[in-house]
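Trainee: only the shape, not the letters, is given here:
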């Protein structure tokens with residue numbers, strides 16, 4: 001690959017949560033209906049070339065994971081159930097986020113789209129770690145950060161996160 005495409009293109013809606021350490025975006029390559037293999041490859045190359053050390057997928061299915069491996073990007077898969085007890089999945093996910101932060105790694109988290117679910121998980125993580133003091137503050141901050149209101153699913157995830165045992 002040569003020229004401007006050698007560095008790839010950034011994933012859509014990439015938003016830094018913790019500058020140069022932790023970001024969220026939609027799935028590299030786009031959402032299900034508009035997903036393109038070439039775009040996915042270009043976006044994964046961009047992640048690799050811009051120092052992202054791990055991509056964490058929230059998708060229920062293992063989409064994109066083989067593509068990350070093929071392009072030399074570490075990945076982790078953490079589907080969070082949409083119903084039932086989300087506590088164990090959130091605890092495992094937040095523990096992994098925290099481990100990467102302690103190791104000074106650069107993390108991208110994504111779901112199919114950058115919507116309520118992803119943004120709610122980000123807000124929940126910020127409250128769970130104590131970076132933000134409570135659920136209402138976390139919701140307000142991420143709404144401003146991502147430039148959109150948090151809906152019922154996202155709000156429920158933030159509340160569920162604040163009910164988990166706190167980070168050790």
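Mentor: All right, it came through fine. Bear in mind that the values here come from a model prediction, so they are computed numbers and not experimental data. Numbering: from 1, shown residues only.
Trainee: let me know the helix or strand that residue 110 is in.
Mentor: Assigned by DSSP states H and E, residue 110 falls within strand 107-111.
Trainee: list the helices and strands the following helix or strand past that strand packs on?
Mentor: Counting by DSSP H and E, the next helix or strand C-terminal to strand 107-111 is helix 116-128. Helices and strands touching helix 116-128, by 3 or more CB pairs under 8 Å, 6 or more residues apart in numbering; DSSP states H and E, are strand 22-26, helix 87-102, strand 107-111, helix 135-146, helix 152-162. All C-beta atoms are positioned from the backbone trio N, CA, C, and that covers glycine.
Trainee: go again with 6 Å.
Mentor: Judged by 3 or more CB pairs under 6 Å, 6 or more residues apart in numbering; DSSP states H and E, the packing partners of helix 116-128 are helix 87-102, helix 135-146, helix 152-162.
Trainee: nearest to residue 115, of those helices?
Mentor: Judged by CB to CB, the one of the helices and strands packed on helix 116-128 that comes nearest to residue 115 is helix 152-162, at 7.8 Å.
Trainee: got the buried residues for that closest one?
Mentor: Using 16 or more other CB atoms under 10 Å as the burial criterion, the residues of helix 152-162 that qualify are 154-162.
Trainee: same check, this time on stretch 131-147
Mentor: Under 16+ other CB under 10 Å, the buried positions of stretch 131-147 are 132, 135, 138-139, 141-142, 145-146.
Trainee: find the nearest non-adjacent residue to the residue nearest the centre of the chain, please.
Mentor: Most central in the chain under CA atoms, centre = their mean is residue 109, positioned 1.8 Å from the mean C-alpha point. Spatial nearest neighbour of residue 109, excluding adjacent residues (CB to CB, 6 or more residues apart in numbering): residue 56 at 4.6 Å.
Trainee: since that was my last question, I'll sign off now.
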